[in-house]
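Asks: Got a predicted structure plus its sequence, pasted below:
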Amino acid sequence: GAVVSQHPSRVICKSGTSVKIECRSLDFQATTMFWYRQFPKQSLMLMATSNEGSKATYEQGVEKDKFLINHASLTLSTLTVTSAHPEDSSFYICSAGGRGGREKLFFGSGTQLSVL
Amino acid sequence: GQQLNQSPQSMFIQEGEDVSMNCTSSSIFNTWLWYKQDPGEGPVLLIALYKAGELTSNGRLTAQFGITRKDSFLNISASIPSDVGIYFCAGQLGAGGTSYGKLTFGQGTILTVHP
């Protein structure tokens, strides 16, 4: 089946630094990728929709200057958390879908970000 | 915006028992998906439903897409310890336009299975 790879799986950083998370579709071309944030024991909340070759669409309340998304190719989207603060600590998950049809969205394994 | 109400929030059952959970929506979805998430992992797709009234099975799992397109249920038969995890329903408006692929998730059902 389709595989979405997310890296790193865990990152610990100091407050004020930036962190980049990668999401790759390994065996299919993903025209659209999605970034979610999940707090402990809570559901996934969509942060933004990343479209290859165009600007990401952010959900209401998500700061686009803080969460930079780049989808430069059909197999890679990156989320950069800029000037991270402890309140940014969370589990970040990406998902990817392909072109048309009954596409089933596949999720990456997630990235646990801890900001000290 | 759209919201999904998933129930129950948690379940504690004995191994071998059947489990049922459901999701309801205030608006229509064209696709319903059920995922399972283990701690520290991303959600894994269990069943995808594309047509109102559709009933689909995947091993011991059975899910149905409600006729009104505003609800779905997931049943797990003869539960085993490895069924432990968080189960999420998700609704999707469907292909095309800016809503393609965008999922709205339920709050999740935490399942605990006692051996």
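Replies: Structure received. Residues are numbered from 1 along each chain as shown, chains lettered A, B, ... in the order given.
Asks: So which residues of chain A form strands?
Replies: Remark: strands assigned in chain A by DSSP state E are A:4-7, A:10-13, A:19-25, A:32-38, A:44-51, A:57-58, A:67-73, A:76-81, A:90-97, A:106-107, A:111-115.
Asks: weakest of these by average pLDDT?
Replies: Note on the strands of chain A: strand A:106-107 shows the lowest mean pLDDT, a mean of 86.
Asks: Just give me the neighbour total for the closest residue to B:S26 other than its chain neighbours.
Replies: Nearest residue to B:S26, sequence neighbours excluded (C-beta to C-beta, 6 or more residues apart in numbering or on different chains): B:Q3, at 5.8 Å. To be clear about C-beta, it is placed using only N, CA and C from the backbone, and glycine gets the same treatment. Residues lying near B:Q3 (other C-beta atoms under 10 Å in any protein chain shown) number 13.
Asks: ok, now A:S77?
Replies: Neighbours around A:S77, by other C-beta under 10 Å: 30.
Asks: TSV for the strands of chain A, including distance to B:L74?
Replies: Compiled in TSV, those are given as follows (distance: least, C-beta to C-beta, whole Å):
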stretch	distance to B:L74
strand A:4-7	23
strand A:10-13	30
strand A:19-25	27
strand A:32-38	20
strand A:44-51	17
strand A:57-58	30
strand A:67-73	32
strand A:76-81	29
strand A:90-97	19
strand A:106-107	17
strand A:111-115	27
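Asks: Chain A contacts on chain B?
Replies: Residues of chain B lying close to chain A by C-beta under 8 Å from any C-beta of the partner chain are B:31, B:33, B:35, B:40-45, B:48, B:50, B:88, B:92, B:95, B:98, B:100-108, B:110.
Asks: what pairs with the residue of chain A found nearest chain B across the strands?
Replies: Using C-beta to the nearest C-beta, the single residue of chain A nearest to chain B is A:F107, 3.7 Å away. Counting by DSSP bridges, A:F107 forms beta bridges with A:S95.
Asks: Any stretches of chain B with poor pLDDT?
Replies: B:1-2, B:94-101 (pLDDT under 70).
Asks: Which parts of it are strands?
Replies: In chain B, strands defined by DSSP E lie at B:4-7, B:10-14, B:19-25, B:31-37, B:44-49, B:55-58, B:61-65, B:71-76, B:85-92, B:103-105, B:109-114, listed in chain order.
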